[in-house]
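K.L.:
Sequence plus the predicted model coming up.
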Amino acid sequence: MSRHHRTPDRPDSNRTPDRPDSSHTPGRNRAPGRTATDSPKRTRRTRRTRLAARTLTLTPQRHPWLGALGLVAVVLAGAWLGLLIVGTVRTPVGPVNTTMALRPSLSGGTKINISPLGALRLDSHVAPVRLDVDVDQLDPERAQALVDHPERISGLQDEVVHDVEHGTLDLAVRSCAAVVLGATALGLAVYRRPRRALAAGGLALALLGASGATAYATWNPKSVLEPKFSGLLSSAPSLVGNARSIVTEFDVYQKELARLVTNVTKLYDVTSTLPAYQPDPTTIRVLHVSDIHLNPASWKIIASLVQQYKVDVIVDSGDTMDHGTAAENGFLDPIKDLGVPYVWVRGNHDSATTQRYLEHMKNVHVLDDGRAETVAGLRFAGIGDPQFTPDRSVAPGGDAAERLAGDRLASALRDQRTKGTPVDIAVAHEPAAARETDGTVPLVLCGHLHHEGTEILKYGTRLRMEGSTGGSGLRAVEHEYPAPVEASILYVDRDSHRLQAWDEIKLGGLGRTTAEVSRHLPEENQPGASPAPTSSSPTASPAAR
């Protein structure tokens, strides 16, 4: 009986039999089965070790994208650190010393910091990197030489362009080195393997090349003609410059960049006060305001704009009051001290009482029922809002009443053109009424919606809508952030009476001190465009409507 149970050489029926030569074959592992000499504890430990090895081997294969994302994150972080630490170039541009740097950005473009005045933003390119140019200081010797010898300004263009080209080339080389070294160094610190670090550096170089190609493909040299200035409002006219007739076939970028450097030089040359702004004598400057809504601070802002921009005429497209009561009439008295003509149309918050009060002011020109007047060399015509809804609770006529008023204004405009006295600028309060003048006037101004906007209507009339110059008045704090104070400077050619350009001015609302000025050009005034016709009448025939 005991002989039947003592069979050590018999293979277990529950195990795979061992191959006879497996234990003697070089390079081959023993079969995973447990022999008679294996202990259960050792077998379990061996199986756990092999299972862990298989898990470590299979995990990267199941989620390869995690490793790729990690590498991209390391590359981006290293490239940013490299640009931040060593990707900066200090170079002179004309008479000023500047610091140039590339910075990560979602929108791209160029930012020129002119401390302490503010900053200029240019939509120069679209790429994940932004060019930052800091105007550090004025070189006294070079600036004084330019002031003492104004004839050298004619050669400033070539000097500035040469300096900028030299600086950007140096910046490009330094940025490439900074990006590659930064990504490689961080990759080595994270992965501790040279091959992975070199892969991070190569990927960084590829990303920088793609960014450069995108910037080159989207490069817009005309962006210097439409800058956006933020900072001290009083320095905006001197920095942005006045609008001029745009002549075709000239190098926009070089000339405007030289002009910008010249203006900065003049600003730094003055120690106590800003330089006197010299407006272009070939333009008529129109200040467009709207929807003041009883904000007394608006008059100080308007007076400052009149002085800084040497405004020739102010156009108010209505809602100067809030309830139109006789008790509010004293609010209008500062208009007499603005020193320039004031063209006004009635809004839906302005009453007939308000209109009669303004009609008795010497420098105010009230336009209603399509009446036309020539003010500051321009022919204006306008119509008051047919609705009076100071509490905004009722709309007696709605859009139908506004369109009917617009039709009356359009008819008056056609009559003026038939008489040989075409209107240059029409004014209405409501955009719905303003749209009805399409095809009868080159430019129509309106307000009411408390935000700025520009639109070319179907038959060629340009509709220019102003925001609230009173920051929405008493409703300025209804929302999370106070409404901004908005106004525009319109530059009109004195000979053709055509719009050359306009500056959108936006000030921080109640309790804020920010200021921003954006320059815009009509499509027909862009460099290389066909010159606009000099006739005041639009090309489209209103009869087609």
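P.N.:
Yep, that arrived.
K.L.:
Quick check: longest helix in the chain by residues?
P.N.:
helix 156-191 (DSSP state H).
K.L.:
Just list what that one packs against, helices and strands only.
P.N.:
helix 64-86, strand 88-93, strand 96-104, helix 194-217, helix 252-269 (3 or more CB pairs under 8 Å, 6 or more residues apart in numbering; DSSP states H and E). C-beta coordinates here come from the backbone N, C-alpha and C atoms, glycine included.
K.L.:
Mind putting these into JSON lines with mean pLDDT?
P.N.:
JSON lines is the format used below for those (pLDDT from 0 to 100):
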{"stretch": "helix 64-86", "mean pLDDT": "82"}
{"stretch": "strand 88-93", "mean pLDDT": "85"}
{"stretch": "strand 96-104", "mean pLDDT": "85"}
{"stretch": "helix 194-217", "mean pLDDT": "86"}
{"stretch": "helix 252-269", "mean pLDDT": "66"}
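K.L.:
and stretch 376-387, which residues are buried?
P.N.:
Ala376, Leu378, Arg379, Phe380, Ala381, Gly382, Ile383, Gly384, Asp385, Pro386, Gln387 (16 or more other CB atoms under 10 Å).
K.L.:
start to end distance for it?
P.N.:
30 Å (CA to CA, to the nearest Å).
K.L.:
for stretch 488-505, which positions count as buried?
P.N.:
488-493, 496-505.
K.L.:
start to end distance for that stretch?
P.N.:
6 Å.
K.L.:
what's the average pLDDT for that stretch?
P.N.:
Mean per-residue pLDDT for stretch 488-505: 93.
K.L.:
next one: stretch 108-116
P.N.:
On average, stretch 108-116 scores 83.
K.L.:
One more: stretch 341-361?
P.N.:
In the prediction, stretch 341-361 has an average pLDDT of 96.
K.L.:
Could you do stretch 422-442 as well?
P.N.:
Stretch 422-442 comes out at a mean pLDDT of 97.
K.L.:
How about stretch 164-183?
P.N.:
86.
K.L.:
distance between it and the chain's centre?
P.N.:
Relative to its chain's centre, stretch 164-183 lies at 26 Å (CA atoms, centre = their mean, to the nearest Å).
K.L.:
Could you pull out the buried residues of it?
P.N.:
164, 167-168, 171, 174-176, 178-183.
K.L.:
what does stretch 100-115 give?
P.N.:
In stretch 100-115, counting by 16+ other CB under 10 Å, buried: Met100, Ala101, Leu102, Gly108, Gly109, Thr110, Lys111, Ile112, Asn113, Ile114.
K.L.:
Test my guess that the last one contacts Ser238.
P.N.:
In other words, Ile114. No: look at Ile114 against Ser238 with CB atoms under 8 Å: they stay out of range, at 10.7 Å.
K.L.:
do you know which of the helices and strands packed on helix 156-191 lies nearest Ile301?
P.N.:
For Ile301, the closest of the helices and strands packed on helix 156-191 is helix 252-269, at 22.0 Å, according to CB to CB.
K.L.:
Next, format the helices and strands packed on helix 156-191 as CSV and append distance to Ile301.
P.N.:
As requested, those are exported to CSV (distance: least, CB to CB, whole Å):
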stretch, distance to Ile301
helix 64-86, 39
strand 88-93, 34
strand 96-104, 31
helix 194-217, 38
helix 252-269, 22
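K.L.:
Which stretches in this protein count as helices?
P.N.:
2-5, 40-62, 64-86, 140-148, 156-191, 194-217, 236-240, 252-269, 297-309, 352-359, 398-418, 431-435.
K.L.:
For Val375, grab the count of nearby residues.
P.N.:
Residues within reach of Val375, counting by other CB atoms under 10 Å, total 21.
K.L.:
what sits opposite it in the beta ladder?
P.N.:
Beta bridges link Val375 to Leu378 when assigned by DSSP bridges.
K.L.:
show me what contacts it?
P.N.:
By CB atoms under 8 Å, 6 or more residues apart in numbering, Val375 lies in contact with Val313, Pro341, Val343, His365.
K.L.:
Is it possible to mark the buried ones in those residues?
P.N.:
The buried subset of those (16+ other CB under 10 Å) comprises Val313, Pro341, Val343, His365.
K.L.:
Show me the two of those that sit farthest apart.
P.N.:
Longest span within the buried ones among the contacts of Val375, CB to CB: Val313 and His365, 8.8 Å.
K.L.:
hey, what's in contact with both of those two?
P.N.:
Pro341, Tyr342, Val343, Val375.
K.L.:
Was I right to think the second one contacts Ile335?
P.N.:
Read that as Tyr342. Yes: using CB under 8 Å, Tyr342 is in contact with Ile335, at 5.3 Å.
K.L.:
Looking at those two, which one has more neighbours?
P.N.:
Tyr342 (24 against 19).
K.L.:
ok, now how distant is that one from Val315?
P.N.:
8 Å (CB to CB, to the nearest Å).
K.L.:
Equivalent analysis for Asp350, please.
P.N.:
Distance from Asp350 to Val315, by CB to CB: 15 Å.
K.L.:
same check, this time on Gly182
P.N.:
54 Å.
K.L.:
repeat for Gly241
P.N.:
Taking CB to CB, one finds Gly241 at 23 Å from Val315.
K.L.:
and the two? which has more neighbours close in?
P.N.:
Val315 (26 against 20).
K.L.:
Hmm, Asn242 is touching Tyr491, no?
P.N.:
Yes: at 7.0 Å, Asn242 and Tyr491 qualify as touching, with contact defined as CB under 8 Å.
K.L.:
Spell out which residues are contacts of both of the two.
P.N.:
Asp280, Thr283.
K.L.:
List the buried residues for stretch 515-529?
P.N.:
Those would be Ala515, Glu516, Val517, Ser518, Arg519, His520, Leu521, Pro522, Asn525, Pro527, for stretch 515-529 by 16+ other CB under 10 Å.
K.L.:
now do stretch 334-348
P.N.:
Ile335, Leu338, Val340, Pro341, Tyr342, Val343, Trp344, Val345, Arg346, Gly347, Asn348.
K.L.:
And the furthest pair within those residues?
P.N.:
Those two in those that are separated most widely, counting by CB to CB, are Val340 and Asn348, at 25.9 Å.
K.L.:
OK, contacts around the residue nearest to Leu490 when sequence neighbours are not counted?
P.N.:
Closest residue to Leu490 apart from its sequence neighbours, by CB to CB, 6 or more residues apart in numbering: Val286 at 4.1 Å. The contact partners of Val286, taken as CB under 8 Å, 6+ apart, are Val311, Asp312, Val313, Ile314, Val315, Ala376, Leu378, Ile425, Ile489, Leu490, Tyr491, Val492.
K.L.:
that older thread, out of the helices of the chain, the one nearest Gly330 is which?
P.N.:
Per CB to CB, nearest to Gly330 of those: helix 352-359, 9.3 Å.
K.L.:
contact partners of stretch 68-75?
P.N.:
So stretch 68-75 is contacted by Ala183, Leu186, Gly187, Val190, Tyr191, Arg196, Ala199, Ala200, Leu203, Ala204, Leu207 (CB under 8 Å, 6+ apart).
K.L.:
run the last query once more with 6 Å
P.N.:
Ala183, Leu186, Gly187, Val190, Ala200, Leu203, Ala204 (CB atoms under 6 Å, 6 or more residues apart in numbering).
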